[in-house]
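Peer 1: Sharing a model prediction with you, sequence too.
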2 protein chains.
Amino acid sequence: MTRVWSRRYAKRTLRMTSSAIRELLKVTEQPDVISFAGGLPAPEAFPVEEIAEAAQRILRDDGPRALQYSATEGYRPLREWVAAEMRAANVPASIEQVLITTGSQQALDLVGKVFVDPGDELVVETPTYLAALQAFTPYGAQYLSAPSDAHGIRTDAVEPLFARRPKLLYTVPTFQNPSGATLSAARRARLVEMAAAHGIPIVEDEPYRELRFQGRHLSRLISLEARRRGDSSDYRGGVLYASTFSKVLSPGMRVGYVVAPAEVIVKLVQAKQSADLNTATFNQMLVYELAVSGAIERNTKKVARLYAERRDAMLAALREHFPDGASWTQPDGGMFLWVTLPEDIDASELLEEAIAQHVAFVPGAPFHPNGGGANTLRLNFSNAAPERIHEGIARLGRALHARFPSAVPA
Amino acid sequence: MTRVWSRRYAKRTLRMTSSAIRELLKVTEQPDVISFAGGLPAPEAFPVEEIAEAAQRILRDDGPRALQYSATEGYRPLREWVAAEMRAANVPASIEQVLITTGSQQALDLVGKVFVDPGDELVVETPTYLAALQAFTPYGAQYLSAPSDAHGIRTDAVEPLFARRPKLLYTVPTFQNPSGATLSAARRARLVEMAAAHGIPIVEDEPYRELRFQGRHLSRLISLEARRRGDSSDYRGGVLYASTFSKVLSPGMRVGYVVAPAEVIVKLVQAKQSADLNTATFNQMLVYELAVSGAIERNTKKVARLYAERRDAMLAALREHFPDGASWTQPDGGMFLWVTLPEDIDASELLEEAIAQHVAFVPGAPFHPNGGGANTLRLNFSNAAPERIHEGIARLGRALHARFPSAVPA
């Protein structure tokens, strides 16, 4: 018997594809390639010493607990810490509104598992976060694309999509991946109001929020929703808030969280129970230690300063090496910026030339679930020192001129 | 607007229920309750010192890598270590056949995501592992129950079920959870042969295999399948093998693995990518360090000796305190044994009385996806010292006599 596995796969498996970004990452691991393709935090900024000290303390004082199974909901002190953070943001959250997840990617997977039936329509911004599409697509999601600009998702374009009664809206409002754009205060207010009027839940994904280089923090959508509702004790609004410790501490720990009404948390807990029982206990205790000691807050400031320098280096290099017909976002924080090339340039073609020149990026098309974006690309600025960024953008400029001499006069 | 979340849930969400076991665990956390309900390893046996030393070494020598994102497939040296273990078991595995998962629960979830369409029939033994049902059910699995006895799943009962062309067969062949039974060598050979003849994949879940107290190891189903096929380089057979470091090292680490043909691993990797990107990097490096240093092997021997004493204590106490009409399995390893009470005794009713007497267990019915087993129950013996086990079984015997005086003459 020859066993043909492909005949045994579930229908949803046929919808799953490997992330273009992660496949690319494999090609660009050689040290002579300058890669702006990944989404990696700067490893030199990880607070290794403080993590090592916390690990020793936890194993010495509470080893058996750290190494044992734990509640699916998460480590209670960490849930309480998250709830307190949310209360500080005027969201009346208790631990019943908090679930600890295995990174915020798991939060997206659990949302897909709990909410998405095959054929369900989800509203997403364009471009949108690729790994969110990968989380929702296996459950059969279809996408309604709302265009976005330098101020985030265009609420005027969302309104007619809400009339189609989508299952939910997914957005990264702050320093978005991939665009770097931040939703304006006015649009935040409008979006929350519209979602409430139409009864459409919002999934607010905020991994980059704390990596702000300049300007002041804008209210979370969940805070605006809580204020609108006037809940005084428990949060019961229509915004699910997901975040992570990956960008402010360490992604290798895989600790994230969701804040949502208690009845939704109950369902997400059931989904998580069948997914991985609980997030690694030791990792949750480590994150908690570093949260209460203030190490995460200190580290976040350090990381934001580091990334601000790198963003500045990239913006300066783009001005120097990129042609007049190209434009790019100027993010106030986060890890990414977004380049729009002249209309007749295909970023996938450019990538071939770029890899020949030992520089890499991610073409923008995969971030557009319903097509478009062929002349766009994402650049990550968190994972290379300023000199490397300068050299990489110079290479990319050379690749542009080499491949598209007519579109891009030297 | 009152937002009714329940109207927004996906259909699969309605099939999800909270694990009765985990809900029970919450009730039985008080220290005056002797609980045989959980499935917790003995925390006093965790090699805390060795883990603490390894954690320091890893963070000192390779901190930035340990704290960074890593490949979805898993930490390469750990994959290689698993592949070498498999080759020692005569399975021709390279790292292409290995995926590291966030505990073996994630392996089951990924198998469900990749293989199970709504309405698909899966063959399971009876009783079967509850968390496997919880992993497969949200994807719409239906179950064909094959009875099992003291020698595991009854292959004569499997044969007619294979004629119905189920999607796959799921089994825990060694020291099964919940029954403690081990599939005999003859039935292993027969099962592999039948599955090959019918083209039905087997999911072999082996978390307890190394916790053997007596007797000799039996061949894994995947080894028998590899031998049958005579693959010389890559394993391409129809058995997916899942295991974990939870029972031999620490469940709080959440590190497990799957061994399967490379083309299946590719699909499982796509599913994992959307589920949690990668298993915690630091945790994988820790497990690898302890695997190559021999610490896991030493710890496994220690744990097996400890659990053997506890099994002996439980068997002695059952003989002393349980009535003649009751019978139970005598496992050669693992963490559980299975009690069958006189037919007219309902284990759920007994549980109410038991909790009043400050002792807990899990009724057997939930382990039967198609009904039955009302007079059965699962007892865990790994998580209490022999004296506590003796006292707990005495309490359970008293509960039996108190609640069912006619069925169980004193």
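Peer 2: Ah, there it is.
Peer 1: list the contacts for A:Ala242?
Peer 2: Applying CB atoms under 8 Å, 6 or more residues apart in numbering or on different chains to A:Ala242 gives the contacts A:101, A:104, A:107-108, A:111, A:203-207, A:256-259. C-beta coordinates here come from the backbone N, C-alpha and C atoms, glycine included.
Peer 1: pretty sure it is in a helix, no?
Peer 2: No: under DSSP: H, G, I helix; E, B strand; the rest coil, A:Ala242 falls outside any helix and is assigned strand.
Peer 1: Next one: the residue nearest to it when sequence neighbours are not counted, what pLDDT does it get?
Peer 2: Distance criterion CB to CB, 6 or more residues apart in numbering or on different chains; nearest residue to A:Ala242, sequence neighbours excluded, is A:Ala107 at 4.1 Å. At A:Ala107, the model reports a pLDDT of 98.
Peer 1: A:Ala107 reaches A:Val258, doesn't it?
Peer 2: Yes: judged on CB atoms under 8 Å, A:Ala107 makes contact with A:Val258 at a distance of 4.6 Å.
Peer 1: which neighbours do the two share?
Peer 2: With CB under 8 Å, 6+ apart as the test, A:Ala107 and A:Val258 both reach A:Leu99, A:Thr101, A:Ala242, A:Leu268.
Peer 1: which of those tops the neighbour count?
Peer 2: A:Leu99 (29 neighbours; other CB atoms under 10 Å in any protein chain shown).
Peer 1: For it, pull up the helix or strand it's in.
Peer 2: Under the criterion of DSSP states H and E, A:Leu99 resides in strand A:98-101.
Peer 1: List the neighbouring strands of that strand plus their orientation.
Peer 2: Paired with strand A:98-101 in the same sheet, following DSSP bridges, are strand A:256-259 (antiparallel).
Peer 1: Is chain B within reach of the helix or strand following the strand it pairs with?
Peer 2: In the C-terminal direction, the helix or strand that comes right after strand A:256-259 (DSSP H and E) is helix A:262-276. Yes: Helix A:262-276 is in contact with chain B by CB under 8 Å from any CB of the partner chain, via A:Glu263, A:Val264, A:Val266, A:Lys267, A:Val269, A:Gln270, A:Ala271, A:Gln273, A:Ser274, A:Ala275, A:Asp276.
Peer 1: Would you mind giving the residues you listed as JSON lines with neighbour count and pLDDT added?
Peer 2: Compiled in JSON lines, the residues of helix A:262-276 next to chain B are given as follows (neighbours: other CB atoms under 10 Å in any protein chain shown; pLDDT from 0 to 100):
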{"residue": "A:Glu263", "neighbour count": "12", "pLDDT": "95"}
{"residue": "A:Val264", "neighbour count": "24", "pLDDT": "97"}
{"residue": "A:Val266", "neighbour count": "16", "pLDDT": "95"}
{"residue": "A:Lys267", "neighbour count": "24", "pLDDT": "96"}
{"residue": "A:Val269", "neighbour count": "21", "pLDDT": "96"}
{"residue": "A:Gln270", "neighbour count": "23", "pLDDT": "95"}
{"residue": "A:Ala271", "neighbour count": "25", "pLDDT": "96"}
{"residue": "A:Gln273", "neighbour count": "24", "pLDDT": "95"}
{"residue": "A:Ser274", "neighbour count": "27", "pLDDT": "95"}
{"residue": "A:Ala275", "neighbour count": "30", "pLDDT": "97"}
{"residue": "A:Asp276", "neighbour count": "28", "pLDDT": "97"}
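Peer 1: if we can go back for a sec, from the shared contacts of A:Ala107 and A:Val258, which is closest to chain B?
Peer 2: A:Thr101 (8.2 Å; CB to the nearest CB).
Peer 1: Quick check, pLDDT for the closest one.
Peer 2: The model's pLDDT for A:Thr101 equals 98.
Peer 1: Ok, A:Pro31 next?
Peer 2: So A:Pro31 comes in at 80 (pLDDT).
Peer 1: Also A:Thr17?
Peer 2: 70.
Peer 1: what residues are up against it?
Peer 2: A:Gln134, B:Gln270.
Peer 1: Now do the buried residues in the helix or strand containing A:Glu159.
Peer 2: Using DSSP H and E, A:Glu159 maps to helix A:155-162. By 16 or more other CB atoms under 10 Å in any protein chain shown, the buried positions in helix A:155-162 come out as A:Thr155, A:Ala157, A:Val158, A:Leu161, A:Phe162.
Peer 1: Show the contacting residues for the residue lying closest to the last one once chain neighbours are set aside.
Peer 2: This means A:Phe162. Of all residues not flanking A:Phe162 in the chain, A:His198 sits nearest, at 4.2 Å (CB to CB, 6+ apart). Going by CB under 8 Å, 6+ apart, A:His198 touches A:Phe162, A:Ala163, A:Arg165.
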